[in-house]
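Trainee: fold the stuff below for me.
(chains A and B)
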Amino acid sequence: MQISSSDLGLAARVHNLTKTFGAGESGVRALDGVSVGIRRGEFTAIMGPSGSGKSTLMHIMAGLDAPTSGRAWIGDTEISGLSDLDMTILRRRRVGFVFQSFNLVPTLDMLGNITLPFELDGRAPSALERSRIDGLVESLGLGGRLRHRPHQLSGGQQQRVAIARALATAPDLVFADEPTGNLDSRTGREVLALLAAASRDHGQSIAMVTHDPVAASHADRVIFLGDGRIVADKPSQSAEAISSHMLAAEVSA
Amino acid sequence: MTAVAAPTAPTGRGTAGVPRAAASGRFAWLRERGMGASVLVSAISGGFGVLLIAATGLIGAWLLADPYLGGGDTVVAVVAILSVLLVAVAMYVAAIVTANTFATIVAGRTRQIALMRLIGASARSQRAQIARQGLVVGAIGAVLGLLGGTAGAMVLQWAADAAWGIDVDYSVVQPVLLAPAVIVALTTWLAAWAGSRRVLEVTPLAALSGAAPRTAEEAAGRTPRRIVAIALFALGAALLALGILAGFVTPLGVVIAFLGGLASFTGLSLGATLVMPPLLRATGRLFGRSAAARLAAENALRYPERSSRMAIGVVMGVTLVTMFAVATESVKGVMAASGGGEVAGEMGQLLDTFSAVMMALVGVSAVIAAVGLVNLLTIGVVQRTRELGLLRALGLTGRQIRAMVLFEAAHVTITSVVFGLVLGIAYGWAAAQSLLGSVRVPPLWLAPSFVLPGIPWLIVVGIVAATATLTLVAAVVPTRLATRVSPVEALAE
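Mentor: Predicted structure coming up:
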């Protein structure tokens, strides 16, 4: 009998994950036996320098990429070995994404972008979901702009739409990939505060990949990656502490 | 530490501005998506021109060699005029297709152009470079067309000799055949120049700003052009009406109507950006509210100019084919009525042959437009790799992607074919009415008479079947490319 993720209070976990790009001599081992769980209701930051494997880890955890070996779960569903179709439907229903470059669909207006996951599922949001969306639109300050298209909005507004889209389905887990990378620092802080609030007030599990210590300091937990391995796993940290940790890792490498 | 960005699997992506193969050598850009199709388009139109002109010469030689045929000169003159008109139509459609293709290629190269501007290239030199590429494409197509067209004419001469024993001492290889080839090379050059207008709008800053693809290319309100289009259409419609009225008195009404048709149709094609978007939108509503259909409907109107021009080429081809079919059918109807029920066998056959030949000849324009359509849909998907990756990440299944691309193709083909059929029936009827309005038909034996538009259902069915095929063919390559997009790769770009 295996212990399920929910028994452990985890929204997602991976076990002994390895990912190799290319083969033989020129092959690059991006992940090297990583085992970790993302705790339910927490805002987790995955930190690491470029090439540490943090993006690869996120891609596999989110069901966007397949590992070379090892296993991955979202909630209690094992996703390693799922067919492309099952994986796609799982992403649609149970995973939310926020990307660095906003990644809204340019031909759809704001509301169209927010409700896209429901449309892809071939259904309209239920009354409950609709009120959830209304609440998100309200709290993210997007009211009055619902008929605008992405190019009519600032970067910060676009990213807030992306957050609304990610939260709309109340997914098991939201993945945020450098969500502040394309924003000025003030707008970036606002976006981080919104993510932290979603986790704190609504129990939303969020995993954020970043190399920015300031962004990571908003999280409840910081996982450090280096050379495809987890090198540290710490509770909420100040930006200074994260910085010095990163610096130390850099110097010792 | 191994600060190595994970290399993604080499899938030979041909995304925006990145040549598919290792770009080396002076002509590496020829491998860029869209260039091959442009060569094909200029080769078809050039080859068509060469073949028609060679055939005209051949027909002239046959007629003049036959001592029993009178009025050979007039027939040759008519055939020559028809040839020039048909070639002009084909080249016009080819030029639209080429301009559209280059405009699309430029849109995909924006970042690359911006980078060149950043380093110090002037917008003019960048544009001239693209126009030069058009000239090279046109020249290659012209040479291919010249060879193909000449070979076709030789086969024709040989076949005529073998089948009917028509043997004249005439060489199809004449200096005049160079004319269509040269014209194709030049029009392709011009079309590339016209299509690269947007290069001038690319600023060096575009290279520095983050991934900011142009999201809404508003159909630039080029007012003068719209006014010309509307004026031409109005003038043409007035002339058409006048021709029909004159047709009640004399068959020469068809000449006025012909001019009216020419003017109104030119107006329509110039004003494509005015006419097509509402029609495309209406078609979009037919597909329902599924996510795939909605995304496809929005995509078809993302670049209204591009889709309008893509559609208008197909509209032209379908209109012309339908027009000849309907005119012939209507004329046969009148002849049957005035002849007491039956069309004289020989006459009917002659009409059918004429209309079949004409339909085949204008069909070439439709083929050129179809090549352009397939090509543009493909480039459209390639340039959207990133967005497709996003949709895959958010949960668009492979099946939904296939549906989306198919809807997108169907959107343009259905709109243009329905519009083309309606226009073709209208023009064909106008031609028959203005030509035969003064013919007395039973039971009243009174002129003016009303010519019932004859609709050749077999041909309509043929056109609809061809459309369905075109839609499927047009969707094959883009679908393959679109379903191959992996979200990780697309989002990493």
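Trainee: OK, contacts around the nearest residue to residue B:398 once chain neighbours are set aside?
Mentor: Among residues not flanking residue B:398 along the chain, residue B:483 sits closest, at 4.9 Å (Cβ to Cβ, 6 or more residues apart in numbering or on different chains). (C-beta placed from N, C-alpha, C; glycine too.) Taking Cβ atoms under 8 Å, 6 or more residues apart in numbering or on different chains, we find residue B:483 in contact with B:398, B:401, B:402.
Trainee: following the helix or strand where the second one lies, which helix or strand shows up next?
Mentor: Taking DSSP states H and E as the criterion, residue B:401 maps to helix B:398-436. Once the chain leaves helix B:398-436, the next helix or strand it forms, by DSSP H and E, is helix B:457-484.
Trainee: tell me which residues of that following helix are tucked away?
Mentor: Across helix B:457-484, burial judged by 16 or more other Cβ atoms under 10 Å in any protein chain shown covers B:459-460, B:463, B:466-467, B:470-471, B:474-475, B:477-479, B:481-483.
Trainee: whatever residue of chain B ends up closest to chain A: how many residues sit nearby?
Mentor: Closest contact between chain B and chain A, by Cβ to the nearest Cβ, is at residue B:395 (2.4 Å). By other Cβ atoms under 10 Å in any protein chain shown, 25 other residues sit near residue B:395.
Trainee: by neighbours, which of the contacts of residue B:483 wins?
Mentor: Counting neighbours by other Cβ under 10 Å, residue B:401 leads these with 23 neighbours.
Trainee: assess the claim that it and residue B:388 are in contact.
Mentor: Yes: with contact defined as Cβ atoms under 8 Å, residue B:401 counts as touching residue B:388 (6.9 Å).
Trainee: who touches both of these two?
Mentor: Here residue B:401 and residue B:388 have residue B:482 as joint contacts, going by Cβ under 8 Å, 6+ apart.
Trainee: and residue A:98, how far from residue A:173?
Mentor: 12 Å (Cβ to Cβ, to the nearest Å).
Trainee: these two - which one has more neighbours?
Mentor: More crowded of residue A:98 and residue A:173, by other Cβ under 10 Å: residue A:98, with 26 against 22.
Trainee: thinking that one is in contact with residue A:171, fair?
Mentor: No: Residue A:98 is not in contact with residue A:171 according to Cβ under 8 Å; the separation is 11.2 Å.
Trainee: quick one: residues in contact with stretch B:75-82.
Mentor: For stretch B:75-82, contacts defined as Cβ under 8 Å, 6+ apart pick out B:56, B:59, B:60, B:63, B:64.
Trainee: show me just the buried residues among those.
Mentor: For the contacts of stretch B:75-82, a burial check counting by 16+ other Cβ under 10 Å picks out B:56, B:59, B:60, B:63.
Trainee: least confident of the residues you listed?
Mentor: Across the set of these, residue B:63 stands lowest in pLDDT, at 78.
Trainee: what's the helix or strand harbouring that residue packed up against?
Mentor: Assigned by DSSP H and E, residue B:63 belongs to helix B:35-65. With contacts taken as 3 or more Cβ pairs under 8 Å, 6 or more residues apart in numbering or on different chains; DSSP states H and E, helix B:35-65 sits against helix B:72-108, helix B:123-164, helix B:178-195, helix B:345-382.
Trainee: quick one: closest of the ones you listed to residue A:54.
Mentor: Among the helices and strands packed on helix B:35-65, the nearest to residue A:54 by Cβ to Cβ is helix B:345-382 (29.6 Å).
Trainee: spell out whether that closest one and chain A are in contact.
Mentor: No: residues of helix B:345-382 are not located near chain A by Cβ under 8 Å from any Cβ of the partner chain, the shortest gap being 12.0 Å.
Trainee: near chain A, which residues of the stretch 301-450 of chain B?
Mentor: B:301-302, B:386-387, B:390-400.
Trainee: closest to residue B:429 out of those residues?
Mentor: Among these, residue B:301 lies closest to residue B:429 (Cβ to Cβ), at 31.3 Å.
Trainee: can you pull the contacts of the closest one?
Mentor: Residue B:301 is in contact with A:107, B:277, B:280, B:281, B:284, B:307, counting by Cβ under 8 Å, 6+ apart.
Trainee: again, but for residue B:328
Mentor: So, once contact is read as Cβ under 8 Å, 6+ apart, residue B:328 ends up touching B:351, B:352, B:354, B:355, B:454, B:456.
Trainee: just to revisit the earlier point, can you put the helices and strands packed on helix B:35-65 in CSV and add mean neighbour count?
Mentor: Formatted as CSV, those follow (neighbours: other Cβ atoms under 10 Å in any protein chain shown):
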stretch, mean neighbour count
helix B:72-108, 21
helix B:123-164, 18
helix B:178-195, 22
helix B:345-382, 20
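Trainee: tell me which of the ones you listed lies nearest to residue A:71.
Mentor: Short answer: helix B:345-382, nearest of the helices and strands packed on helix B:35-65 by Cβ to Cβ, at 34.6 Å.
Trainee: next structured bit after the closest one?
Mentor: Following helix B:345-382 in sequence, per DSSP H and E, is helix B:385-394.
Trainee: restrict that next one to CA atoms and write it as CSV.
Mentor: Presented in CSV, the C-alpha positions along helix B:385-394 are these (Å, rounded to 0.1, in the frame of the first residue of the first chain):
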residue,chain,number,x,y,z
THR,B,385,4.2,28.5,-32.7
ARG,B,386,4.4,30.2,-29.4
GLU,B,387,0.7,30.8,-29.1
LEU,B,388,0.0,27.2,-30.0
GLY,B,389,2.4,26.1,-27.3
LEU,B,390,0.5,28.2,-24.9
LEU,B,391,-2.8,26.7,-25.9
ARG,B,392,-1.3,23.2,-25.6
ALA,B,393,-0.1,24.1,-22.1
LEU,B,394,-3.5,25.4,-21.1
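Trainee: does anything pack onto that helix? Which helices or strands?
Mentor: Helices and strands touching helix B:385-394, by 3+ Cβ pairs under 8 Å, 6+ apart, are helix A:84-94, helix A:116-120, helix B:398-436, helix B:487-492.
Trainee: apply 7 Å and report the result again.
Mentor: On a contact count with 3 or more Cβ pairs under 7 Å, 6 or more residues apart in numbering or on different chains; DSSP states H and E, helix B:385-394 meets helix A:116-120, helix B:487-492.
Trainee: report the secondary structure state of residue A:17.
Mentor: Here residue A:17 is recorded as strand under DSSP: H, G, I helix; E, B strand; the rest coil.
Trainee: dump the helices and strands packed on helix B:35-65 to CSV, plus mean pLDDT and distance to residue B:235.
Mentor: Listed next are the helices and strands packed on helix B:35-65 as CSV, based on pLDDT from 0 to 100; distance: least, Cβ to Cβ, whole Å:
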stretch, mean pLDDT, distance to residue B:235
helix B:72-108, 83, 19
helix B:123-164, 90, 32
helix B:178-195, 90, 24
helix B:345-382, 85, 23
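Trainee: show me where the stretch 1-150 of chain A has its helices.
Mentor: In order along the chain, the stretch 1-150 of chain A carries the following helices (DSSP state H, counting those that start in this stretch): A:54-61, A:84-94, A:110-114, A:116-120, A:127-139.
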